[in-house]
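[1] Okay, predicted coordinates and the sequence, questions at the end:
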Amino acid sequence: MDGNSKIINVPVDECAIVTDVLATTGVDSCLVVAAIFDSTSSIFIGHYSTAEIEGFGELITLDNVQQFMETIVEQICENVSLDSLKTVFLIGGWNTKPYLELQELVENIRNDEKHRCSENDDDIKDNWICQFDLIVDRVAIPPIFLILQYANLEMNDHEKKLVIIFHFDGNKGELKNVLYASSESNQPAFINDVIAMSHSRAKVANIQPEPIQNDMLKCMEELKLRIH
């Protein structure tokens, strides 16, 4: 990956398939589908509002979720054969009833042929939330699949704090590394909870979490500047 080249950012309610490098940013209540493929450096990312899922938050059915997933499959098939599909990630959402219902229905579909953070309130100034950015680079050796998780006060996106970096194997989709931000004085309990959850995730994957070093922070900031 050229260290100065721009990285395409997939905005909400859109999707893209490109070769080499792709990203999406500012994911909050939305869902992201990312797909990587065998024998090609193509990457698919779709950034979807839950408004696209009929019945979400009301009376969602298996058919509603099936239709949503079929739409995504059609978007992928417009450019890449499903025969080359290697790994698919479904990322995003909150730990609230509508998202848990969606997760259960997705699992039901999988069994027939993952998530995060806190309760959502309306846009209240002192409500802490999580967002994440996804960056996929199939050209890097080894390929890179990064989820950068941020915490910030709702309605204040300009002061996001990088809290967790999840580093996945870009080929196998396996979690390789979990990096966490160092604690600060008077740090909100919310951030401590997010870090604790990342440690639990690392433990399941038999990984030792590591603190985010200053050089890594600088590297991530430089990477973010290239996303357009």
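    Great, that's in hand.

[2] Got phi/psi on the residue sitting nearest the centre point of the chain?
    For the chain, residue 91 is the residue whose C-alpha lies nearest the centre (C-alpha atoms, centre = their mean; 4.6 Å). Backbone geometry at residue 91, expressed as degrees, to the nearest 10, gives phi -130, psi 140.

[3] again, but for the one 5 residues further on
    Note on residue 96: backbone dihedrals following degrees, to the nearest 10 are phi -130, psi 170.

[4] Make residue 1 into 23 and carry on from there
    With 23 as the first residue, the last one maps to residue 118.

[5] out of everything not next to it in sequence, what's closest to residue 93?
    residue 74 (7.8 Å; C-beta to C-beta, 6 or more residues apart in numbering). (Each C-beta comes from the backbone N, C-alpha and C, glycine too.)

[6] Which elements pack onto the least confident helix or strand in the chain by mean pLDDT?
    Among the helices and strands of the chain, helix 119-134 carries the lowest confidence by mean pLDDT, DSSP states H and E, at a mean of 81. Counting by 3 or more C-beta pairs under 8 Å, 6 or more residues apart in numbering; DSSP states H and E, the packing neighbours recorded for helix 119-134 are helix 84-99.

[7] neighbouring contacts of the helix it packs on?
    37, 39, 55, 57, 66, 68, 70, 74-78, 104, 107, 124, 127-128, 130-131 (C-beta atoms under 8 Å, 6 or more residues apart in numbering).

[8] can you give me the strands for the protein?
    36-41, 43-49, 53-59, 64-70, 107-114, 150-159, 166-175, 183-191, 197-202, 232-233 (DSSP state E).

[9] right, and those strands - which one's nearest residue 224?
    strand 197-202 (4.0 Å; C-beta to C-beta).

[10] packing partners for that closest one?
    Packed next to strand 197-202, using 3+ C-beta pairs under 8 Å, 6+ apart, are strand 183-191, helix 211-226, strand 232-233.

[11] Which neighbours in the sheet does the shortest one have, and how are they oriented?
    Looking at strand 232-233 with DSSP bridges, its partner strands are strand 197-202 (parallel).

[12] which residue sits closest to the residue nearest to the centre of the chain, ignoring its sequence neighbours?
    Here the residue nearest residue 113, using C-beta to C-beta, 6+ apart, is residue 54, at 4.7 Å.

[13] separation between residue 44 and residue 31?
    8 Å (C-beta to C-beta, to the nearest Å).

[14] more crowded one of those two?
    residue 44 (23 against 20; other C-beta atoms under 10 Å).

[15] And residue 98, what's its pLDDT?
    At residue 98, the predicted lDDT confidence score is 87.

[16] what's the answer for residue 160, then?
    Per-residue pLDDT puts residue 160 at 83.

[17] Would you quantify the distance from it to residue 241?
    Distance from residue 160 to residue 241, by C-beta to C-beta: 19 Å.
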